[in-house]
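Participant: could you work out the structure for the sequence below:
(one chain, ligands or ions: 1)
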Amino acid sequence: MSRLAGKHAIVTGGGSGIGRAISRRFATEGAAVVVADLIGERAEEVAVEIGGTAVQADVTVAADVARLVESAGRVDVLVNNAGGGMADDLLEITEEQWDADVNLNLKSAFLCSKALLPGMIERGSGVIVNVSSVNGMAFFANEPYSAAKAGLINLTRSMAVRYGRHGIRAVAIAPGTIRTPLWQERIDKEPAIFDRLVRWYPLRRVGEPEDVANAVAFLASDDASWITGEVLRVDGGLLAGNEQMARELVANFSPDDEE
Ligand SMILES: NC(=O)c1ccc[n+]([C@@H]2O[C@H](COP(=O)([O-])OP(=O)(O)OC[C@H]3O[C@@H](n4cnc5c(N)ncnc54)[C@H](O)[C@@H]3O)[C@@H](O)[C@H]2O)c1
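Facilitator: Got it, this is the predicted structure:
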């Protein structure tokens, strides 16, 4: 496959999980990939594997983003993937936790997009893929993370509308639960957490990083040339409806129907 042949891409948070899968997939599709990560060794490991370039950068810091963009040169595809954050309950979290989560999940996309848009505008083309979450579309705890992911969806729409006339597309994806190291802390507490969560998913499994990478490869490619301002859920059907509630609504529901 070579849907991204000749394209130059930056994947932030490319050293782990979803970002690593996107970096790998982009390389398979023919793209030259800059793997950017806060943890330099992670970026290096992925870059070596895929024949890309590693850059250590904290994408919440403007000076780091400037260095990243400077070293990358021409960029056709930006994937704002770095993110995470488990802080929740407004009554519990501190101002510092709020700022950290919002900076990581929203400000980072602002900084990277702002730095790369002028070049894209000049060339009259470019794609920005923002990795949001189902948390940006409905309540699943982690308030600052979720508020930032919702903000990221609207930032996507803003960029799509404002820069569309320059041939720039901006899209977002909203993954459900994906099996990545992001979950490690919760897995340590409850090793079988994914087995418990699958019942909420119509497809009866959690997602794999490759499920997300498949969608991002499509959205970044010319196969999606008329798609912009869109949010694509990659969630195994999670937000399509509430099966548990529907079962309880139907007259013939019996608790024995539960799987
Ligand atoms: N895993 C899920 O269930 C899930 C679900 C929905 C959305 N997402 C989103 O997908 C994206 C990737 O998540 P993941 O599960 O692969 O996480 P992960 O923790 O496996 O990987 C995140 C990577 O980002 C890097 N990173 C963290 N802060 C950074 C910073 N300031 N600058 C640069 N790099 C930084 C980390 O070092 C790490 O390598 C995130 O935006 C996350 O919110 C994940």
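Participant: close to the ligand: what parts of the stretch 1-150 of the chain are there?
Facilitator: Applying CB under 6 Å from any ligand atom, we find that the stretch 1-150 of the chain lies next to the ligand at 12-13, 15-19, 37-39, 42, 57-60, 81-84, 104, 131, 133. To be clear about C-beta, it is placed using only N, CA and C from the backbone, and glycine gets the same treatment.
Participant: now list the buried members of those.
Facilitator: Applying 16 or more other CB atoms under 10 Å to these, the neighbour count classes 12-13, 15-19, 37-38, 42, 57-60, 81-84, 104, 131, 133 as buried.
Participant: tell me which of those fall in helices.
Facilitator: Among those, the members falling in helices are Gly17, Ile18, Gly19, Arg42 (criterion: DSSP state H).
Participant: OK, contacts around the residue in the stretch 51-200 of the chain that the ligand sits nearest to?
Facilitator: Relative to the ligand, the nearest point of the stretch 51-200 of the chain is Gly83 (2.2 Å; CB to the nearest ligand atom). With contacts defined as CB atoms under 8 Å, 6 or more residues apart in numbering, the neighbours of Gly83 are Gly13, Leu104, Asn105, Ser108, Val131, Ser133, Tyr145, Ala148, Lys149.
Participant: out of the residues you listed, which is nearest to Ala192?
Facilitator: Nearest to Ala192 among the contacts of Gly83 is Ser133, at 22.4 Å by CB to CB.
Participant: who touches the residue nearest to that closest one when sequence neighbours are not counted in this structure?
Facilitator: Among residues not flanking Ser133 along the chain, Lys149 sits closest, at 4.4 Å (CB to CB, 6 or more residues apart in numbering). Lys149 makes contact with Gly83, Asn105, Leu106, Ser132, Ser133, Asn135, Gly136, Ala174, according to CB under 8 Å, 6+ apart.
Participant: just checking, the second one touches Gly85?
Facilitator: Yes - distance between Asn105 and Gly85: 6.4 Å, which falls inside the contact criterion (CB atoms under 8 Å).
Participant: mutual contacts of those two, please.
Facilitator: Tyr145, Ala148.
Participant: of those two, who's got more company?
Facilitator: Set Asn105 next to Gly85 and count neighbours by other CB atoms under 10 Å: Asn105 wins out with 31 against 23.
Participant: how close does the more buried one get to Thr60?
Facilitator: 9 Å (CB to CB, to the nearest Å).
Participant: go through the longest helix seen in the chain and flag the buried ones.
Facilitator: Identified as the longest helix of the chain according to DSSP H is helix 143-163. Buried residues in helix 143-163, defined by neighbour count with 16+ other CB under 10 Å: 143-153, 155-157, 159-160, 163.
Participant: check contacts around Ala217.
Facilitator: Counting by CB under 8 Å, 6+ apart, Ala217 makes contact with Arg3, Leu4, Ile22, Arg25, Phe26, Glu29.
Participant: now for the residues you listed: which two are most distant?
Facilitator: Using CB to CB, the contacts of Ala217 span at most 13.1 Å, a distance reached by Arg3 and Ile22.
Participant: just want to know which of the two has more residues nearby.
Facilitator: Applying other CB under 10 Å to Arg3 and Ile22 shows that Ile22 carries more neighbours, namely 31 against 18.
Participant: quick check: phi and psi at the spatially closest residue to Arg204 that is not a sequence neighbour.
Facilitator: Nearest non-adjacent residue to Arg204, counting by CB to CB, 6+ apart: Val198, 5.3 Å away. Main-chain dihedrals, Val198, degrees, to the nearest 10: phi -60, psi -30.
Participant: neighbours of Val198, how many?
Facilitator: Look at Val198: counted by other CB under 10 Å, it has 14 neighbours.
Participant: is it true that it touches Gly207?
Facilitator: No - counting by CB under 8 Å, Val198 does not reach Gly207; the two are 10.6 Å apart.
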